[in-house]
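Student: After the sequence you'll find the predicted model.
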Amino acid sequence: MFNQKKIAIVYDWIDKWGGVERVLLNLHEMFPEAVFYTSYFDQDKANWAKDLKIKTSFLQKFPDFIKKSRILSFIFYPFAFESFDFSNYDLVISVTSSFAKSIITKPGTRHICYLLTPTRYLWSHQKEYLSSLGRSFSGIFKKWDLVTSQRPDKIISISKTIRERCQKYYKRKSEVVYPGFDTNYWDKIKSQISPLRSSSFAGQAKIKNYFLVVSRLEPYKRVDLVIQSFNRLKYKLVIVGEGSQEYKLKQIANKNIIFMSKLSDVELGSLYSYAQALVMPQEEDFGLASIEAQFFGCPVIAYKKGGTTETVLEGKTGIFFDHQNRQSLERAIERFDRIKYNLTNNMSKFGLRNIERFGKEIFENNFKKNL
C-alpha cells in the first residue's frame, strides 16, 4: 500500500541524538524511500542520520545563535518550513514539538502530524523557558502556533498526556500511538553487558550504589531538583545527558554527582543494569528512558504527572512523588530505600511484561492504521 506512495517526513531540526531520534529511525525503517525535510542538519552532532535522504531549508547556512534563539526562531523558522514544496508527495508526516507542523500542503497531499508536544515554551512550560520580556511577546507567536496546528489533516499524539495538551491548547482531537521500543535491538545490547559488575562499564567507571538520571539537560527536565536533593542526601548520582543547562548544573553539583555524555547503548545499558533506580523529576511527554530502565530491571522514581504515569506501574516497576519539589522527591527516595528489595523482586515479574505494550511492531501497526 505505502510502497507506491511518495512520502516525506518532516522534523524540526536534526542536531542531536535522543528518544525522538529513535522514532525517526523507526519511521525510516517503515518508509525507507521517504525523504526527510528539516530546518537544518548538524552531521557532527547527528551522525546517526548520515545515511538518510535529507533536504534542509535556507537556515542550514545561518549561524547557530539564530537557530538556537527562541525569539529569533519565530522570525525565520515559519518561512523555512512554509517554503518547502510538497506538491509531488502523496503523504507528508511531520514529527514535531514546534515548527514542522506548519508546512503547507495542497489538497492532494495528506499531512499527518505525529505530535511530540504542543510548542513547549509557548504553552505548557513557558515560565521555565521565557523571561518576562519574552513572555510579553509570546502572544503573537501563540496565535501563529495555533493557526498552524490546524494545518495537519490528522494529529497523532505520542501519549495520553500529549492528547490532553493537544485538546487544551490546539482545540484538536487526536489519536494516541505510543513510540515503539525495539526489544530485539535492546536484547542484543543486553547480551553485550558483562554479568559481573566489576567488569561492566559501571564497574570500570568505579561507580556503585548509585542512582541514575538519563535526560537532556534542559530547563523543563528539572534535573536541578535532583541535584539539590542528592547534594543534601549525599547518595551517589550519575547524570547522563547534554543540553543548554549543562554548565549551570555542574556548577551546583557536589562531588557525589557524576556527569556523563556521549555513551554507547551498551554503556547506557550497563548503567541501567546496576543502578538502584532511575530518577525522573520532570513532567514527561512520554518518557522513553523509563521504558529503557524497566527493560534492564531498573526501578523508576518519577514525578506523578505526565507520560511516566502511563509507562510506570506504581509499586510494581517504580514509585511516584506527588509534588515537583525537593521535599517530595526526598520522601520518595526514602520510601524507595525501605521497599527497594520488594520493588526489585516485582521488577522481575512485571518489568518486561509491562513494556510489551510499547513494542516496535505495535507502534508500526497502530501508526499505519492512522495514516
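Tutor: Right, received. Where do you want to start? Residues are numbered from 1 along each chain as shown.

Student: Surely E242 is within a strand?
Tutor: No. Counting by DSSP: H, G, I helix; E, B strand; the rest coil, E242 is not part of a strand but coil.

Student: Which residues are in contact with it?
Tutor: K16, R216, L217, S261, K262 (C-beta atoms under 8 Å, 6 or more residues apart in numbering). Bear in mind the C-beta positions are built from the backbone N, C-alpha and C, glycine included.

Student: are any of the residues you listed buried, and which?
Tutor: For the contacts of E242, a burial check counting by 16 or more other C-beta atoms under 10 Å picks out R216, L217.

Student: any chance of the contacts of E242 in a markdown table, plus distance to K106 and secondary structure?
Tutor: Output for the contacts of E242, formatted as a markdown table (distance: C-beta to C-beta, whole Å; DSSP: H, G, I helix; E, B strand; the rest coil):
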| residue | distance to K106 | secondary structure |
| --- | --- | --- |
| K16 | 32 | coil |
| R216 | 36 | coil |
| L217 | 41 | coil |
| S261 | 43 | coil |
| K262 | 42 | coil |
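
Student: top helix in the protein by residue count?
Tutor: Scanning the chain for the longest helix, with DSSP state H as the assignment, gives helix 326-355.

Student: tell me which strands and helices whichever helix or strand comes after that one is in contact with?
Tutor: Per DSSP states H and E, the first helix or strand lying C-terminal to helix 326-355 is helix 360-369. On a contact count with 3 or more C-beta pairs under 8 Å, 6 or more residues apart in numbering; DSSP states H and E, helix 360-369 meets helix 19-30.

Student: What mean pLDDT does the helix or strand that comes right after the helix it packs on get?
Tutor: Using DSSP H and E, the helix or strand that follows helix 19-30 in sequence is strand 35-38. Strand 35-38 shows an average pLDDT of 98 in the prediction.

Student: Within its sheet, name the partner strands of strand 35-38 and how each one runs.
Tutor: Here strand 35-38 is paired, per DSSP bridges, with strand 7-11 (parallel), strand 54-56 (parallel).

Student: Helix or strand next in line after the shortest one, which one?
Tutor: Per DSSP H and E, the first helix or strand lying C-terminal to strand 54-56 is helix 64-68.

Student: downstream neighbour of that next one in the secondary structure list?
Tutor: Downstream of helix 64-68 (by DSSP H and E), the next one is helix 70-82.

Student: Return the list of helices and strands in contact with that following helix.
Tutor: helix 64-68, helix 138-148.

Student: I75 and I140: what is the separation?
Tutor: The gap separating I75 from I140 is 11 Å, by C-beta to C-beta, to the nearest Å.

Student: and if you look at F320?
Tutor: 38 Å.

Student: Between the two, point out the one with more neighbours.
Tutor: Using other C-beta atoms under 10 Å as the criterion, F320 and I140 rank with F320 on top: 18 against 9.

Student: Once you drop chain neighbours, what's closest to that one?
Tutor: K304 (3.7 Å; C-beta to C-beta, 6 or more residues apart in numbering).

Student: residues near that neighbour, how many?
Tutor: 17.

Student: Wait, it touches D322, no?
Tutor: Yes. Here K304 reaches D322: they are 5.4 Å apart, a contact under C-beta atoms under 8 Å.

Student: and Y77, what does it touch?
Tutor: S39, L59, S98, F99, S102.

Student: With T183 instead?
Tutor: F295, I355, G359, K360.

Student: Could you identify the most distant pair in the residues you listed?
Tutor: Spatial extent of these (C-beta to C-beta) is set by the pair F295 and K360 at 12.4 Å.

Student: Neighbour count: these two, which is higher?
Tutor: The neighbour count for F295 versus K360, taken as other C-beta under 10 Å, is higher for F295 (22 against 18).

Student: That one and V23, how far apart?
Tutor: Note on F295: its distance to V23, by C-beta to C-beta, is 17 Å.

Student: distance between the ends of stretch 276-289?
Tutor: 15 Å (C-alpha to C-alpha, to the nearest Å).

Student: Show me what counts as buried in that stretch.
Tutor: Under 16+ other C-beta under 10 Å, the buried positions of stretch 276-289 are 276-289.

Student: Could you measure from N345 over to D85?
Tutor: N345 is 57 Å from D85, by C-beta to C-beta.

Student: just K236 next, same as before
Tutor: Look at K236 and D85: by C-beta to C-beta, they are 53 Å apart.

Student: V92 too?
Tutor: 11 Å.

Student: Who has more neighbours out of these two?
Tutor: V92 (25 against 11).

Student: ok, and what's touching the helix or strand hosting the more buried one?
Tutor: Per DSSP H and E: V92 is located in strand 91-96. The contact list for strand 91-96 (C-beta under 8 Å, 6+ apart) reads 2, 5-12, 20, 23-24, 27, 31, 34, 86, 100-101, 103, 105, 109-116, 152, 371.

Student: filter those residues to the buried ones?
Tutor: 7-12, 20, 23-24, 27, 31, 34, 86, 100-101, 103, 105, 109-116, 152.

Student: follow-up on the earlier one: and for F295 and K360, which residues touch both?
Tutor: In contact with both F295 and K360: F181, T183, using C-beta under 8 Å, 6+ apart.

Student: now stretch 84-98: how far from the chain's centre is it?
Tutor: For stretch 84-98, the separation from the chain centroid amounts to 21 Å (computed by C-alpha atoms, centre = their mean, to the nearest Å).

Student: before we move on, the earlier item: take the buried residues of stretch 276-289 and keep only those in strands.
Tutor: L278, V279, M280 (DSSP state E).

Student: Tell me the one of the residues you listed nearest F230?
Tutor: Once C-beta to C-beta is applied, the member of those that ends up nearest F230 is V279, at 8.6 Å.
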